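[1] Just a sequence and a predicted model for now, questions to come.
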Amino acid sequence: QVQLVESGGGLVQPGGSLRLSCAASGSIFRINAMGWYRQAPGKQRELVAAITSGGRTNYADSVKGRFTISRDNAKNTVSLQMNSLKPEDTAVYYCNADVRPPGSVDRRYWGQGTQVTVSS
């Protein structure tokens, strides 16, 4: 089994910053892409940012220039630095990882989600 545990959510004022972190543990041979999604009330889950094992990144247009995704392959962690936060960034943020367990095939795993609220 593989577990993803997120941390770092909370309440922040508009214009503020938060850093989300996610650690993968368990039966892991290799982790390919890792990323962050978010889901606001009444909306579909959407991609925020993703990063390959080689460090190539992809961002939603709405967060480009404000959010930065990074990962530590040795520690199986992925982080999301969020700056210049806006009320519309309010959502539950989920990390995911495309993991290959030993002797198995790739599978996408999800964290439990962490709430980010941007409000004055």
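    Noted; the coordinates are in hand.
[2] And the spatially most central residue of the chain, how close does it get to residue 27?
    For the chain, the residue lying nearest the average C-alpha position, counting by C-alpha atoms, centre = their mean, turns out to be residue 36 (2.7 Å). Counting by C-beta to C-beta, to the nearest Å, the gap from residue 36 to residue 27 is 23 Å. For glycine as for every other residue, the C-beta is placed from the backbone atoms N, C-alpha and C.
[3] Repeat that for residue 87.
    As for residue 87, its distance to residue 27 is 40 Å (criterion: C-beta to C-beta).
[4] Same check on residue 67?
    Looking at residue 67 against residue 27, where the rule is C-beta to C-beta, the gap reads 30 Å.
[5] In terms of neighbours, single out the busier of the two.
    Under the criterion of other C-beta atoms under 10 Å, the comparison of residue 67 against residue 27 puts residue 67 first, with 22 against 13.
[6] Hmm, residue 18 is touching residue 84, no?
    No: counting by C-beta atoms under 8 Å, no contact exists between residue 18 and residue 84, whose distance comes to 11.0 Å.
[7] shouldn't residue 63 be in contact with residue 46?
    No: using C-beta under 8 Å as the test, residue 63 is too far from residue 46 to be in contact (10.2 Å).
[8] Compare neighbour counts for those two and give me the winner.
    Under the criterion of other C-beta under 10 Å, the comparison of residue 63 against residue 46 puts residue 63 first, with 22 against 12.
[9] Quick one, grab the pLDDT at residue 111.
    In the predicted model, residue 111 carries a pLDDT score of 97.
[10] How many residues are close by it?
    Residues lying near residue 111 (other C-beta under 10 Å) number 22.
[11] Spit out the contact partners of the residue lying closest to it once chain neighbours are set aside.
    Once its chain neighbours are removed from consideration, residue 111 has its nearest residue in residue 4; the separation is 3.8 Å (C-beta to C-beta, 6 or more residues apart in numbering). Under the criterion of C-beta atoms under 8 Å, 6 or more residues apart in numbering, the contact partners of residue 4 comprise 22-24, 95-97, 109-112.
[12] Can you select the buried ones from those residues in PyMOL?
    This is how PyMOL selects the buried members of the contacts of residue 4, with burial counted by 16 or more other C-beta atoms under 10 Å:
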select buried, resi 22+23+24+95+96+97+109+111
